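*Asks:* quick one, what's the 3D model for this:
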Amino acid sequence: MTSLDDAGVRELLDGQNYALISTLNSDGSIHSTVVWISHEDGSVAVNSAVGRVWPRNLERDPQVTALVVESGNPYHYVEIRGTASATHEGADEHINALTKKYMGRDEYPFRAPGEERIKFVISPRHIRYVKQS
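*Replies:* All right, here's what the predicted structure looks like:
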């Protein structure tokens, strides 16, 4: 079985590759958006601002899929299906760490006045890794 510690999966998660997060809207339709992602302690984590659609979806229904695709090769990807748990603890530090990874900057530059960050840690239930050249 594939795990987050497999070399190819780690390569995707540690690189500057974007994730597509899919959640369920209240009407049962799927909501997808592009996010930054990190790997930590057998889970993956994503970050957003409180009040946006996909965080509200996860607070209502924690089932989530993250699809991480290699930049420049859409046939090299990892799909991670699991359950997300929300926390405000460490969310500001997490968005700054993601900013460093993806932008090379120390602090997230797009924060709106009064914005509250929320971090979701995704515990994997199913991992599918594909690499085609």
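*Asks:* strands of this protein, start to end?
*Replies:* For the chain, the strands defined by DSSP state E cover 19-24, 30-35, 38-40, 43-49, 63-70, 73-87, 117-131.
*Asks:* pull up the pairing partners for the lowest-mean-pLDDT helix or strand in the chain, direction included.
*Replies:* Within the chain, no helix or strand scores below strand 38-40, which has a mean of 94 by mean pLDDT, DSSP states H and E. Applying DSSP bridges to the sheet, strand 38-40 is found paired with strand 43-49 (antiparallel).
*Asks:* packing partners for the longest helix seen in the chain?
*Replies:* Selection of the longest helix in the chain by residue count, based on DSSP state H, yields helix 91-103. Judged by 3 or more C-beta pairs under 8 Å, 6 or more residues apart in numbering; DSSP states H and E, helix 91-103 is in contact with strand 38-40, strand 43-49, strand 117-131. All C-beta atoms are positioned from the backbone trio N, CA, C, and that covers glycine.
*Asks:* so how far is it from its chain's centroid?
*Replies:* Relative to its parent chain, helix 91-103 has a centroid offset of 12 Å by C-alpha atoms, centre = their mean, to the nearest Å.
*Asks:* just name the most buried of the helices and strands packed on helix 91-103.
*Replies:* strand 43-49 (a mean of 22; mean count of other C-beta atoms under 10 Å).
*Asks:* how near is residue 61 to residue 22?
*Replies:* 12 Å (C-beta to C-beta, to the nearest Å).
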